[in-house]
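Colleague: build the 3D model from these lines:
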Amino acid sequence: MAQNSDQLTRYQRQLLQEIEQIASIVKLDYQEASAYEPDARTPVLELMRRKLVICEVVTRYTLVDEYLNVRLCHFFFGRKRSFIRLWKTKRFKLFNHHVLEELPLMAKLRFAKSIAPIPKSVAADIERLNSLRNGLAHAFFPENLRKSRPEWKGKKIFTLEGLQLFLDDMAKIAAYFVRLSPEELDVL
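Modeller: Take a look at the predicted model:
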C-alpha cells in the first residue's frame, strides 16, 4: 500500500506535537492568542513577534559565522579531505576549539578578507548583522541603544518590511559564500 505523500510519518507527527508543546512552553503559541486574557493579547503577541525575529537574526548570524569558519578551514586545511575526515584529526579539532570558537565574527571577517577579497556589500551586511545581533542579544530593550538599534538599513527589524529586507540581504550573503567559482575556491 503506497503512502500518501501529504500524510505525515509517525516521526513527523511526533515532531509536530513536540514543536507545539515547545511553542506553548516558550509562549510562541500564537494560534492560541484568543485564549490569553484580552488585556494581555497585544503585548503577548508583540513579544511573540519579537522572539521570532530575534531567533531568525541569531540563526542567520550563526550561519554567517559558519560560512566564515568554512573559508578559514579551507585556507588552513585545504579541500581534499572532507570536514568529517578532518574532525578525526587532532590538529583540526584544536584549530576549531582554540581558534574558531575563540574568534568573534568580526575577527573572522577580517581574517577571511585578508585571505581573499569579499565584496564590499557582503562585508558591509556582515558588519550590520553583527551590530544588529549584538543589540538584540545584549539588550532587553534594544530600541534604547544608540549604536545597535533594532533596524536593518533604516527599517525596524520587528516589522514585516524590515525582516523581509534583512532576509533578502542574508540570502545574498549565502549566495556569495555558496556560489564561489572553482578558481576562487582554489585561492582558499
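Colleague: show me where this structure has strands.
Modeller: Taking DSSP state E, the strands of the chain run over residues 151-152, 155-156.
Colleague: need those strands in JSON lines with mean pLDDT and mean neighbour count, can you?
Modeller: For glycine as for every other residue, the C-beta is placed from the backbone atoms N, C-alpha and C. Formatted as JSON lines, the entries for the strands of the chain read as follows, by pLDDT from 0 to 100; neighbours: other Cβ atoms under 10 Å:
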{"stretch": "strand 151-152", "mean pLDDT": "96", "mean neighbour count": "22"}
{"stretch": "strand 155-156", "mean pLDDT": "96", "mean neighbour count": "15"}
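Colleague: for Val99, find the nearest of those.
Modeller: Go through the strands of the chain one by one with Cβ to Cβ and the one that ends up closest to Val99 is strand 151-152, at 30.0 Å.
Colleague: distance from the chain centre to that closest one, please.
Modeller: Using Cα atoms, centre = their mean, to the nearest Å, we find the averaged C-alpha position of strand 151-152 to lie 15 Å away from the chain's own average C-alpha position.
Colleague: show residues contacting that strand.
Modeller: Contact partners of strand 151-152, identified using Cβ atoms under 8 Å, 6 or more residues apart in numbering, comprise Arg128, Leu132, Ile157, Gly162, Leu163, Leu165, Phe166, Asp169.
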